[in-house]
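> One predicted model, sequence on top.
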Amino acid sequence: MELVKKNLPIINLVGGMINRDNISISGNQAISFIENINIDTAFLVPSGFSLENGFTSGNYSECEFKKYICEKAKKTVILADSSKLDKNLPYTFAGFSDIDVIITDEEVSSEFAKAAKAAKIKLVIA
């Protein structure tokens, strides 16, 4: 609503299925909407992330939408607080090779930091 008060930027809203658990939009309609949109930087929030399974979601439709966004984006930034670390959900939308930056709130394990460095991921503790 705050963006509506501004003259810029142009606001496009993605249509699709609403996930009431995390107030996100996904599904085929959402994928179709962004099909012709060029994405410079995508900011994505996983439900979990681990060395074994990468960046995961508990909802298949949401997973497919995030996977598509990762493919289209020139740069992908993951926003995940420390409660998501070492948490695995059923569906993986991205691996370490798909991500450019991870922003989290606490130090990660040395094993995780080494894996991020090996994948050339910038790790930011905010």
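Happy to help now that I have it. Residues are numbered from 1 along each chain as shown.

> so where's the chain uncertain?
1 (pLDDT under 70).

> Show me the longest helix that occurs in this structure.
Counting residues, the longest helix found in the chain (DSSP state H) is helix 60-72.

> Give me the contacts around that one.
16-17, 19, 22, 24-27, 30-31, 34, 37-39, 42, 44, 46, 55-57, 76, 90-94, 98-99 (CB atoms under 8 Å, 6 or more residues apart in numbering). All C-beta atoms are positioned from the backbone trio N, CA, C, and that covers glycine.

> Out of the residues you listed, name the ones that lie in strands.
Among the contacts of helix 60-72, DSSP state E puts 17, 19, 24-26, 42, 44, 55-57, 76, 91-94 in strands.

> what two of those have the greatest distance between them?
Of all pairs drawn from the ones in strands among the contacts of helix 60-72, the greatest distance, 22.4 Å, lies between 17 and 76 (CB to CB).

> Neighbour count for those two, which is higher?
residue 76 (23 against 15; other CB atoms under 10 Å).

> Am I right that that one is in contact with residue 44?
Yes - in this structure, residue 76 sits in contact with residue 44. The criterion is CB atoms under 8 Å, and the distance is 6.5 Å.

> Need the overlap of contacts for those two.
Any residue near both residue 76 and residue 44 by CB under 8 Å, 6+ apart counts here, and that gives 69-70, 94.

> For the residues you listed, give me TSV that also has distance to residue 123.
What follows is the shared contacts of residue 76 and residue 44, written out as TSV (distance: CB to CB, whole Å):
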residue	distance to residue 123
69	21
70	18
94	15
